[in-house]
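Trainee: Pasting a predicted model and its sequence here:
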Protein chains: 2
Amino acid sequence: VSSEIASRDAAIEADATDPLASVRARFTLPDGVIYLDGNSLGALAASVSAAVDDAVNRQWGRDLITSWNDNDWWTLPARVGDRIGALIGAAPGQVLCGDSTSVQLFQALVGLARLRPGRTELITDGAGFPTDQYVAESVARLLGLTLRRITPPELPAVISDDTAVVALSAVDYRTGEYWDLPALTATAHAAGAVINWDLCHAAGALPVELDELGADAAVGCTYKYLNGGPGSPAWIYLPHRHQGPIELPLTGWHGHADPFGLAPSFTPAPGIEQARIGTPALLSMLALESALTVWDAVSLDDVRAKSLALTEMMIAFADRSLPSVEVVTPRPSERRGSQVALRMPYAYEACQALIARRVIGDFRAPDLLRLGIAPLYLTYRQVWDAMEVLRDVLESGAYRDPAHARGASAVT
Amino acid sequence: VSSEIASRDAAIEADATDPLASVRARFTLPDGVIYLDGNSLGALAASVSAAVDDAVNRQWGRDLITSWNDNDWWTLPARVGDRIGALIGAAPGQVLCGDSTSVQLFQALVGLARLRPGRTELITDGAGFPTDQYVAESVARLLGLTLRRITPPELPAVISDDTAVVALSAVDYRTGEYWDLPALTATAHAAGAVINWDLCHAAGALPVELDELGADAAVGCTYKYLNGGPGSPAWIYLPHRHQGPIELPLTGWHGHADPFGLAPSFTPAPGIEQARIGTPALLSMLALESALTVWDAVSLDDVRAKSLALTEMMIAFADRSLPSVEVVTPRPSERRGSQVALRMPYAYEACQALIARRVIGDFRAPDLLRLGIAPLYLTYRQVWDAMEVLRDVLESGAYRDPAHARGASAVT
């Protein structure tokens, strides 16, 4: 069906039958903007403003310290964690919200490596997101492991009895390639290794079934497809079977079995609470908790279907009408995340020219224009129109305008 | 002067000449509450509500991803860091805001230990705040160091050529004892060790001069005397002289020399930006930035003088009128932080009875009632009245009311 959206009228028709059409009203979106950067910073859910106002003025300002109990601040990280867990196929009690993805990744990789003492190697994706590679480098150094960088399809050929941990992202942040999670997880396990999945570009973008997958750990941010707000706290998934043996390195007092006992030595809390570190950024986490309500009664299968229909429409448009552009996102739907990456000679300048026309995507060095698809608040017509604006920018040479030359960088 | 405040009238008189009296209007405080827990969660500055509303609705909701540049999100951690630096005697470019104290402490201790390769010992305070001890344990394990727990006055006797790092808190979180920072720092340096100061209970409570002290690193939270809000981000101080050689373990992409170059290997940013980790919790950090404006034109010497006057008044009151109570906070003013800790048989229940009478302090196991003094928004009269309420609770036996028995815990 979706590949037939080859005109603006067809896009408008697709909106008319979109099962997610009503969800858009749960967001507060700026007028006149087509926002294709929800894979970098998700849009503002309409409920968040009042929730944050309540957090600031009533919970903090009026109730002060008593809010830890009376407004349930203490239980927030596990409560929000479970809410995220429902979107990534994790049964309750296995996801904990807090800190940044970088910190959670450090936490997960050290913890996982300790489950495989004697093994000497940490494998990661050499084209993975920078933080993933930098944290893997640091963990390898601290634990005396060898860091090996591969592309995910090379895993079966390179994994061995020496491999302690495999650390991969589900979706390549540049190309949008969606890796074969079940096959790669099985490969890791067949070699006796453990595997962490970084779901930054997957959680909320497509259905992930962490429990079914048998992942050993997973981490992800919440400010992309989960719309938690700028720098909203990340999360870590630790399945029940590892919650006993794992030993996490970031031993803040919130993760202690008896945090108010004030004991001098660390004893991890039973269950996922052991993944707590220090006092969480509550205003940011309360904003996230409110933002997650947009998922109520939303089917991730509907999200995936709309996402694929939109990215197929974009790819077909590029094939037809953008001769100077190379589509680097995989064409088979099962290998595609929720974005389209287009390689072009003046990607930076084209991105700036789009922004000047109120179509917001982003640039990734050296030559990619990245267009993210957030099915909860984008319409088919908007995405069609964005592609037409892109065609105009490229055909007219508008990207050559000096106003669009390189200056300050945009940010993921 | 201050020790003469021995009556309610004298307290009212002290308010009349308090140079900080006008600062109280910069806060939004709940009616009828005497808040002696600002050393756990500081009060709400009046400017914060509008700042957060702007962050949510305009910066995030309307401007979306462009806020990283257009609303200066990218420069926030160093900007807020410098603002904190001005309150702890750190020249610009040496303080970075982000993450939790636990995470920053891990970052500092690993970085410092790497400055002393070959040395085998990490020394910390065995009565220090739990997170400080747990993080020290974890760092010692990761780096193969021996963890030695002492009381700070024992440092000269136990430090040796084996000592790599000394990790202490400036103020004891339970007793309120303020350690001799210059002497302890000099002791560490004389042995060739490096020292980290945890300033959670010092920053904003009393003048600290980190640069003058020659501290090798420092960390602290911002939700106590800096009033940043629940779980507002912490900070790390790394003096210029260590910014070249230090190698921090939490290598998130924000700390890279060229974060948008997307290089596969980590090269730390020059300067304090190397201490950035992942994407910071921006709503929480923007609230903090606004909260820090209450310090405009405030003299930390005035803060210290008022704090000491108030704690002296409390101690004298306890000596006169609370026979069942032991004052555990040091009496010499140079050894006292900005709190008074009172040991008593039913400290938990007394704390609950105070809260029921709208005097909010906190309990620390096993037997301490902890009363924090935030001179920016407390009046002498309030503190006097709080002591009278405490006397009534103890004299009347009101703490024996079953309503005040142990239930859910309060939280630091």
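Mentor: Perfect, thanks for sending it. Everything numeric in this text was worked out from a predicted model, so none of it was measured.
Trainee: which residues in the stretch 101-250 of chain A form helices?
Mentor: A:101-114, A:130-143, A:155-158, A:181-190, A:210-213, A:240-243 (DSSP state H, counting those that start in this stretch).
Trainee: I meant to write the stretch 251-400 of chain A there.
Mentor: A:282-291, A:300-321, A:347-356, A:380-396.
Trainee: residues in contact with the second one?
Mentor: Counting contacts by Cβ atoms under 8 Å, 6 or more residues apart in numbering or on different chains, the residues outside helix A:300-321 that touch it are A:1-3, A:5-6, A:11, A:14, A:18-20, A:87, A:176, A:204-207, A:325, A:327, A:329, A:331, A:333, A:336, A:338-340, A:342, A:371, A:373, A:375-376, A:378, A:380, A:383-384, A:387, A:391. Yep, even glycine has a C-beta here, placed from its N, CA and C like the rest.
Trainee: what's the answer for the first one, then?
Mentor: Taking contacts as Cβ under 8 Å, 6+ apart, the residues outside helix A:282-291 that touch it are A:42, A:44-45, A:47-48, A:50-52, A:55-56, A:59-60, A:73, A:76-77, A:79-80, A:83, A:97-98, A:222, A:226-229, A:231-233, B:52, B:56, B:229-232, B:281-284, B:287.
Trainee: change it to 6 Å
Mentor: A:45, A:47-48, A:51-52, A:55, A:73, A:76, A:80, A:222, A:227-229, A:232-233, B:229-231, B:281, B:283-284, B:287 (Cβ atoms under 6 Å, 6 or more residues apart in numbering or on different chains).
Trainee: same question, the third one
Mentor: Contacts with helix A:347-356, where a contact means Cβ under 6 Å, 6+ apart, come from A:Gly361, A:Phe363, A:Asp367, A:Leu368, A:Leu369, A:Val393, A:Ala398, A:Tyr399, A:His404, A:Arg406.
Trainee: Which secondary structure element of chain A has the lowest mean pLDDT?
Mentor: Scoring the helices and strands of chain A by mean pLDDT, DSSP states H and E places strand A:362-364 at the bottom, with a mean of 93.
Trainee: residue closest to the middle of chain A?
Mentor: Centroid-nearest residue in chain A: A:Cys200, 2.1 Å away (criterion: Cα atoms, centre = their mean).
Trainee: Could you pull up the contacting residues of it?
Mentor: Residues touching A:Cys200, when contacts are defined by Cβ under 6 Å, 6+ apart, comprise A:Gly220, A:Cys221.
Trainee: In terms of pLDDT, where does it sit?
Mentor: The predicted structure scores A:Cys200 at 98 on the pLDDT scale.
Trainee: Distance-wise, check it relative to A:Glu13.
Mentor: Per Cβ to Cβ, to the nearest Å, A:Cys200 is found 33 Å from A:Glu13.
Trainee: Next, count neighbours for A:Asp9.
Mentor: For A:Asp9, the neighbour count with other Cβ atoms under 10 Å in any protein chain shown is 11.
Trainee: now it, what's its secondary structure?
Mentor: Going by DSSP: H, G, I helix; E, B strand; the rest coil, the secondary structure assigned to A:Asp9 is helix.
Trainee: pLDDT score assigned to the closest residue to A:Asp72 other than its chain neighbours?
Mentor: Once its chain neighbours are removed from consideration, A:Asp72 has its nearest residue in A:Arg79; the separation is 7.5 Å (Cβ to Cβ, 6 or more residues apart in numbering or on different chains). Confidence per residue is given as pLDDT, and for A:Arg79 that number is 98.
Trainee: where's A:Arg79, which helix or strand?
Mentor: A:Arg79 is part of helix A:76-85 when elements are defined by DSSP states H and E.
Trainee: on contacts alone, who are the packing partners of the helix or strand following that helix?
Mentor: For helix A:76-85, the succeeding helix or strand toward the C-terminus, using DSSP H and E, is strand A:95-97. Packed against strand A:95-97 by the contact rule (3 or more Cβ pairs under 6 Å, 6 or more residues apart in numbering or on different chains; DSSP states H and E) you find helix A:76-85, strand A:235-237.
Trainee: I'd say A:Thr379 and A:Glu13 touch.
Mentor: No. Taking Cβ atoms under 6 Å as the definition, A:Thr379 is not a contact partner of A:Glu13, at 11.6 Å.
Trainee: okay, the closest residue to chain B within the stretch 101-250 of chain A: pLDDT?
Mentor: Per Cβ to the nearest Cβ, the residue of the stretch 101-250 of chain A with the smallest distance to chain B is A:Ser102, at 3.2 Å. Among the per-residue scores, A:Ser102 shows a pLDDT of 98.
Trainee: Now for it, how many residues are close by?
Mentor: By the criterion of other Cβ under 10 Å, A:Ser102 has 30 neighbours.
Trainee: wouldn't it be in contact with B:Ile277 here?
Mentor: Yes. With contact defined as Cβ under 6 Å, A:Ser102 counts as touching B:Ile277 (5.0 Å).
Trainee: shared neighbours of those two, anything?
Mentor: B:Gly252.
Trainee: Would you pull up the residue in the stretch 201-350 of chain A closest to chain B?
Mentor: Distance from chain B to each residue of the stretch 201-350 of chain A (Cβ to the nearest Cβ) is smallest for A:Gly278, at 2.8 Å.
Trainee: what's the nearest residue to that residue if we skip its chain neighbours?
Mentor: Across the structure, with Cβ to Cβ, 6+ apart as the measure, the residue nearest A:Gly278 apart from its sequence neighbours is B:Ser100 (2.8 Å).
Trainee: mind listing the strands for the stretch 151-300 of chain A?
Mentor: Defined through DSSP state E, counting those that start in this stretch, the strands belonging to the stretch 151-300 of chain A, from first to last, are A:163-169, A:194-198, A:217-220, A:235-237.
Trainee: Save those as JSON lines, and put in mean neighbour count and distance to B:Arg149 too.
Mentor: Below are the strands of the stretch 151-300 of chain A laid out as JSON lines (neighbours: other Cβ atoms under 10 Å in any protein chain shown; distance: least, Cβ to Cβ, whole Å):
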{"stretch": "strand A:163-169", "mean neighbour count": "26", "distance to B:Arg149": "32"}
{"stretch": "strand A:194-198", "mean neighbour count": "27", "distance to B:Arg149": "33"}
{"stretch": "strand A:217-220", "mean neighbour count": "30", "distance to B:Arg149": "32"}
{"stretch": "strand A:235-237", "mean neighbour count": "30", "distance to B:Arg149": "29"}
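Trainee: Reformat the ones you listed as CSV; add distance to chain B.
Mentor: Conversion of these to CSV gives the following (distance: least, Cβ to the nearest Cβ, whole Å):
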stretch, distance to chain B
strand A:163-169, 13
strand A:194-198, 12
strand A:217-220, 11
strand A:235-237, 13
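Trainee: between these, which one is nearest to A:Arg141?
Mentor: Each of the strands of the stretch 151-300 of chain A has some distance to A:Arg141 by Cβ to Cβ; the shortest is strand A:163-169, at 14.0 Å.
Trainee: Mind giving me the packing neighbours of the closest one?
Mentor: Applying 3+ Cβ pairs under 6 Å, 6+ apart, one finds that strand A:163-169 makes contact with helix A:101-114, strand A:121-125, strand A:194-198.
Trainee: Quick check: buried residues in stretch A:26-46?
Mentor: The neighbour-count criterion (16 or more other Cβ atoms under 10 Å in any protein chain shown) identifies A:26-29, A:33-46 as the buried residues of stretch A:26-46.
Trainee: what's it in contact with?
Mentor: A:223-224, A:227, A:291, A:294, A:339, A:358-362, A:371-372, A:374, A:377, A:382, A:386, A:412, B:60-62, B:64-65.
Trainee: Mind doing that once more with 7 Å?
Mentor: A:201, A:223-227, A:230, A:290-291, A:294, A:338-339, A:358-362, A:371-372, A:374, A:377, A:382, A:385-386, A:412, B:56, B:60-62, B:64-65 (Cβ atoms under 7 Å, 6 or more residues apart in numbering or on different chains).
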